[in-house]
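1. Quick one, what's the 3D model for this:
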Amino acid sequence: MDNEGVKKRAKTTSSSSSMVAGDDDDRISKLPDSVIIHILSFLPTEDVVQTCILSKRWKLIWYSVPTISFSYNIELKQDQQKFYTYMKKYLKHRKKAMDNITDLVITSFNLKINDFYQRSKAGLLDKWLAFAVENKVKELHLKIGLGKKRMFMYYPEYYYCLPKVVDNATYLTVLELDGVELDTSCSFSFPSLKILSLEEIHQADTSKDNVDVVFKFLLGCPCLEKLRLHNYEFLRGDGKLPLQSLGLKFLELKRTDNQDDLRIEAINLESLVISGDSADNVNLSACKKIRNLSFDDIGDIFDLSLNALISNYPLLENLTLRFKYTNDEHLKISGQRLKSFNFKNLCCKPCNITIESAPKLGYFCYEGYLDLSILIEPSNSLSGKIVISEGYNDGYNGYDSIWFTDMLNFLLNLNCSWNTISLHVKEYEALIWPEKLKRVCRSPLLNWKHLKVITNYGNPERISDLKESLMWISPSLETLSINEKCIF
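-> Alright, predicted model coming up:
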């Protein structure tokens with residue numbers, strides 16, 4: 001080993017020793033216990049426990065970390081038996097510490113097991129949850145099983161049933177359940193719960209009234225503000241019951257199965273996200289205070305005109321649409337309070353959009369193909385983001401005259417007053433107009449002030465050509481950056 005290598009090794013050894021001995025170079029040990037505990041609360045529990053070997057001061061710090069987080073992933077080829085054995089030992093030590101040290105608390109319990117659920121482990125999981133509830137846990141995150149890989153397996157033995165001890169966890173503010181079974185006969189009571197997330201839930205129908213667990217949750221959660229339902233199937237027979245909540249402000253329905261008409265009566269709802277086929281059979285007529293509305297990865301919306309749908313929300317400020325397909329050839333967007341509009345066209349079908357009567361519109365984002373005609377009629381300047389998809393008109397086959405003609409027509413439709421715009425294309429060449437076309441076509445004279453160009457591929461030698469082409473498109477440019485590099 002040369003002298004330089006010896007010096008580097010000596011420096012590393014000295015630095016490592018200082019962590020244990022508490023030298024002046026050990027900045028972490030100089031921090032107050034409260035700060036160290038806060039930092040450790042973001043780490044997996046096994047990593048937190050290992051800090052006890054650093055020094056005498058660190059020996060007991062891990063007991064005071066208020067978060068517990070365990071994760072097992074079969075894909076990482078972890079030893080399953082060692083994982084459960086470690087959990088048992090940790091529970092034993094933590095219980096002992098809680099009995100002897102009065103000011104210890106548990107604020108969050110997070111358990112993620114990416115493997116087929118084994119009923120033989122139910123007793124251990126029950127003890128963990130009972131321990132967390134007894135110590136007034138505020139956040140509970142539970143993900144059991146293989147999740148989406150289990151979607152085609154409708155067998156109860158693949159689901160861990162949430163024990164009744166959790167039904168009355170009065171201090172819970174956040175509850176996230178993924179891949180567990182819920183007993184519909186239970187009456188849930190969570191007076192402090194603000195956030196509820198249910199994903200890939202199996203409902204054990206043991207009750208006589210056949211009431212969906214979501215409705216029961218809402219009855220027992222008077223303070224609930226945020227509800228997320230992913231891959232959730234509502235029980236049949238609840239079509240006459242409204243999804244009712246006075247405090248609910250945020251609702252997300254992602255790939256839910258609504259067997260009957262689902263009436264949502266959340267009069268204070270402000271944000272609504274509907275994804276997948278969840279838009280089917282949903283009645284939102286009672287939700288008049290929605291400010292943020294997002295339809296993500298869906299087909300045609302409710303077989304209604306979009307403008308008629310938006311008119312139901314006079315307070316709407318932010319609108320996001322992502323279509324897989326649409327039967328509407330012409331979408332009209334309007335709103336007196338609309339501030340931002342995000343549109344993603346996932347289908348290869350021409351579409352026309354008119355944005356009118358939107359005096360407060362300040363941001364517009366589009367992602368899709370060039371076969372889109374956009375007419376924007378705002379009264380003030382816009383900021384925005386444009387992401388051009390190539391798809392069947394693949395840039396690898398060369399950018400021909402058809403591409404640049406379509407691009408020119410597309411940009412002309414955006415010829416309103418722009419403040420800052422971010423333009424995303426695959427390659428530099430997608431925006432470098434051939435000199436022959438420049439002589440034939442007139443400049444669009446776009447009114448852009450600040451332009452940011454983002455590309456995946458580009459030849460650094462062609463930056464000057466790209467700059468010249470962009471200045472031909474918009475001579476009024478004040479600033480230009482290409483892939484985060486300031487050009488002027």
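2. show me where pLDDT drops low in the stretch 301-450 of the chain?
-> 301-308, 324-329, 347-349, 378-379, 391-398, 415 (pLDDT under 70).
3. Does C186 touch V166 like I think?
-> No: under the criterion of C-beta atoms under 8 Å, C186 is not in contact with V166, lying 9.2 Å apart. Quick note: C-beta positions are derived from backbone N, CA and C, even for glycine.
4. Pull the distance from stretch 417-429 to the chain's centre.
-> Here the centre of stretch 417-429 is set off from its chain's centre by 25 Å, with C-alpha atoms, centre = their mean, to the nearest Å.
5. Any chance you could list what contacts it?
-> Stretch 417-429 is contacted from outside by 380-388, 390, 395, 399, 431, 446-459, 462-463, 465-466, using C-beta atoms under 8 Å, 6 or more residues apart in numbering.
6. try it again with 7 Å
-> With contacts defined as C-beta atoms under 7 Å, 6 or more residues apart in numbering, stretch 417-429 is touched by 381-388, 390, 395, 399, 431, 447-459, 462, 466.
7. Direction included, what does the host helix or strand of S294 pair up with?
-> Using DSSP states H and E, S294 maps to strand 292-298. Strand 292-298 pairs in its sheet with strand 271-275 (parallel), strand 318-323 (parallel), by DSSP bridges.
8. which outside residues touch it?
-> Contact with strand 292-298 is made by 270-277, 279, 301, 313, 316-324, as judged by C-beta under 7 Å, 6+ apart.
9. And the strands in the stretch 201-350 of the chain?
-> 202-204, 226-230, 242-244, 250-254, 262-265, 271-275, 282-283, 292-298, 318-323, 330-333, 340-345 (DSSP state E, counting those that start in this stretch).
10. The ones you listed: which one's closest to W58?
-> Closest of the strands of the stretch 201-350 of the chain to W58 is strand 226-230, at 37.0 Å (criterion: C-beta to C-beta).
11. Pull the CA coordinates from that closest one and hand them back as CSV.
-> Output of strand 226-230 as CSV, limited to C-alpha atoms (Å, rounded to 0.1, in the frame of the first residue of the first chain):
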residue,chain,number,x,y,z
LYS,A,226,-58.6,12.1,4.7
LEU,A,227,-59.9,8.8,3.3
ARG,A,228,-58.0,6.6,0.7
LEU,A,229,-59.5,3.5,-0.8
HIS,A,230,-57.3,1.5,-3.2
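12. For the strand or helix carrying S383, name the packing helices and strands.
-> Element membership of S383 [criterion: DSSP H and E] is strand 382-388. Using 3 or more C-beta pairs under 7 Å, 6 or more residues apart in numbering; DSSP states H and E, the elements in contact with strand 382-388 are strand 363-368, strand 418-427.
13. hmm, who's touching that strand?
-> 361-367, 370, 416-425, 430.
14. Same check on stretch 171-184?
-> 136-145, 147, 156, 159-162, 190, 192-207, 211, 213.
15. Please narrow the residues you listed to those residing in helices.
-> Those of the contacts of stretch 171-184 mapping onto helices are V213, per DSSP state H.
16. Break this structure into its domains for me.
-> Domains of the chain are assigned by the TED database as 28-65, 381-487.
17. Out of those domains, which gets nearest to I106?
-> Evaluated with C-beta to C-beta, the domains of the chain place domain 28-65 nearest to I106, the distance being 9.3 Å.
18. State the mean pLDDT of that closest one.
-> Regarding domain 28-65, the rounded mean pLDDT is 87.
19. For that domain, could you pull out the residues that count as buried?
-> Buried residues in domain 28-65, counted by 16 or more other C-beta atoms under 10 Å: 29, 36-37, 40-41, 43, 45, 48-49, 51, 54, 58, 61-65.
20. swap in stretch 95-107?
-> Across stretch 95-107, burial judged by 16+ other C-beta under 10 Å covers M98, I106, T107.
21. Return it as PDB; C-alpha atoms alone will do.
-> Output of stretch 95-107 as PDB, limited to C-alpha atoms (Å, rounded to 0.1, in the frame of the first residue of the first chain):
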ATOM      1  CA  LYS A  95     -42.000  -4.300  27.200                       C
ATOM      2  CA  LYS A  96     -39.500  -4.500  30.000                       C
ATOM      3  CA  ALA A  97     -38.200  -1.000  29.300                       C
ATOM      4  CA  MET A  98     -41.800   0.400  29.200                       C
ATOM      5  CA  ASP A  99     -42.400  -1.100  32.600                       C
ATOM      6  CA  ASN A 100     -39.300   0.400  34.100                       C
ATOM      7  CA  ILE A 101     -39.100   3.800  32.400                       C
ATOM      8  CA  THR A 102     -42.200   5.900  32.800                       C
ATOM      9  CA  ASP A 103     -41.700   8.500  30.100                       C
ATOM     10  CA  LEU A 104     -41.300   6.100  27.200                       C
ATOM     11  CA  VAL A 105     -43.900   6.400  24.500                       C
ATOM     12  CA  ILE A 106     -44.800   4.700  21.100                       C
ATOM     13  CA  THR A 107     -46.100   7.200  18.500                       C
END
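22. so who does the closest residue to E181 other than its chain neighbours touch?
-> For E181, ignoring the flanking residues on the chain, the nearest one in space by C-beta to C-beta, 6 or more residues apart in numbering is Y159 at 3.8 Å. Neighbouring residues of Y159 by C-beta under 7 Å, 6+ apart: Y117, G145, G179, V180, E181, H202.
23. From these, which shows the smallest pLDDT?
-> Lowest pLDDT among these: Y117, 75.
24. if I've got this straight, that residue is in a helix?
-> No: if the criterion is DSSP: H, G, I helix; E, B strand; the rest coil, then Y117 is coil and not within a helix.
25. What separation do you get for it and Y160?
-> In this view, Y117 and Y160 are 5 Å apart by C-beta to C-beta, to the nearest Å.
26. list residues touching both of the two?
-> I144.
27. Where is the longest helix in the protein?
-> helix 80-100.
28. quick one: contacts of that helix?
-> Contacting residues not belonging to helix 80-100 are listed as 45-46, 63, 70, 72, 104, 115, 121, 124, 127-128, 131, 135 [C-beta under 7 Å, 6+ apart].
29. Show me the two of these that sit farthest apart.
-> Farthest-apart pair in those is L104 and D115; separation 30.4 Å (C-beta to C-beta).
30. which stretches of the stretch 1-150 of the chain have low pLDDT?
-> The model of the stretch 1-150 of the chain has pLDDT under 70 over residues 1-26, 75, 146-150.
31. can you map out the strands along it?
-> For the stretch 1-150 of the chain, applying DSSP E, counting those that start in this stretch gives strands covering 67-73, 108-114, 139-144.
32. Would you convert these into CSV that also reports distance to E478 and mean neighbour count?
-> Below are those laid out as CSV (distance: least, C-beta to C-beta, whole Å; neighbours: other C-beta atoms under 10 Å):
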stretch, distance to E478, mean neighbour count
strand 67-73, 48, 18
strand 108-114, 48, 19
strand 139-144, 47, 20
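33. about what we covered before: the strand holding S383 pairs with which strands, parallel or anti?
-> Using DSSP bridges, strand 382-388 pairs in its sheet with strand 363-368 (parallel), strand 418-427 (parallel).
34. wait, isn't T107 in contact with E139?
-> Yes: at 6.4 Å, T107 counts as touching E139 under the criterion of C-beta atoms under 7 Å.
35. shared neighbours of those two, which are they?
-> Counting by C-beta under 7 Å, 6+ apart, nothing touches both T107 and E139.
36. Pull the contacting residues for G458.
-> Per C-beta under 7 Å, 6+ apart, neighbours of G458: E427, Y428, N483.
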